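In: No letters, just coordinates:
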């Protein structure tokens, strides 16, 4: 095991079974597995007659997986960093992953922003990350990551997983999370950069953050601060806001509407 990859094997068979059941895949379905390690979850997926495409970065585990599953017709191994290789493969409707803590949020956010949306996804992440994924407006865990997840999925926290369910034991608790695709996942091209911008300085109002975003992105098209102020006032007026709000108080629908208003400005 290489420490740099942040690997912690889920050694509790009861929890492994529960996570696979939560995924809801039926025999014959295609499933992506991120970080199969030594194949403990992989075996269970194959026993359920699923078609598994596993993504593994560790060369040692790659050799083991090739040896164990060389005769499995329903198993395919993709070598390398999943944050790069996933986008080169035909997408499956289901994803299962015991995600390394150090890449979990970045990987999930990247999937959403690049429109790699699964019908159902079950992931194991650090408990704090799970709380951010499912956080509601106004709560301490609500962030741009919460809004990104909510834009594509219905997020359902599953069981909290104790440290001793892993080897080696992590320093924190983990949690399973089920993400179910929303029927309408189309968002404006302005949505993701706008959400990040409005959360960029949590102590500032959305007016201040939006102004800074417009200057940095469209400064060459705007002749003065007055232009920016007028654009902000117009956008907020159309959305029933005064600009004094903070991003952590706004719900998903407001972010979607703000992005659409900005798109209609055709800057």
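Out: Happy to help now that I have it. Predicted, not measured: the structure shown is a model, and the values here were computed from it. Numbering: from 1, shown residues only.

In: can we go C-alpha only for contacts and neighbour counts from here?
Out: Fine.

In: mind showing which ranges of the stretch 1-150 of the chain have poor pLDDT?
Out: Across the stretch 1-150 of the chain, residues meeting the criterion (pLDDT under 70) sit at 1-6.

In: try 80
Out: Along the stretch 1-150 of the chain, the model assigns pLDDT under 80 to residues 1-7.

In: Tell me where it has helices.
Out: Secondary structure of the stretch 1-150 of the chain, counting by DSSP state H, counting those that start in this stretch: helices at 13-23, 40-47, 59-68, 82-85, 104-113, 127-134, 144-152.

In: same question, the stretch 151-267 of the chain
Out: With DSSP H, counting those that start in this stretch as the criterion, the stretch 151-267 of the chain has helices at 191-198, 206-218, 225-238, 252-265.

In: Buried residues, the shortest one. List them.
Out: Of all the residues in helix 191-198, those buried under the rule 16 or more other Cα atoms under 10 Å are 191-192, 194-198.

In: repeat for stretch 108-127
Out: Neighbour-count burial for stretch 108-127, with 16+ other Cα under 10 Å as criterion, is recorded at 108-109, 111-113, 117-127.

In: How many neighbouring residues does residue 232 have?
Out: Residue 232 sits with 20 neighbouring residues when counted by other Cα atoms under 10 Å.

In: still on that earlier bit, out of the helices of the stretch 1-150 of the chain, which one sits most buried?
Out: Comparing those by mean neighbour count (mean count of other Cα atoms under 10 Å), helix 144-152 comes out on top with a mean of 23.

In: quick check, nearest of the buried residues of stretch 108-127 to residue 258?
Out: The shortest separation between residue 258 and any of the buried residues of stretch 108-127 is 17.4 Å, and it belongs to residue 113 (by Cα to Cα).

In: Identify the residue nearest that closest one in space, chain neighbours excluded?
Out: Closest residue to residue 113 apart from its sequence neighbours, by Cα to Cα, 6 or more residues apart in numbering: residue 192 at 7.0 Å.

In: Please report the distance of the one you found from residue 115.
Out: Note on residue 192: its distance to residue 115, by Cα to Cα, to the nearest Å, is 11 Å.
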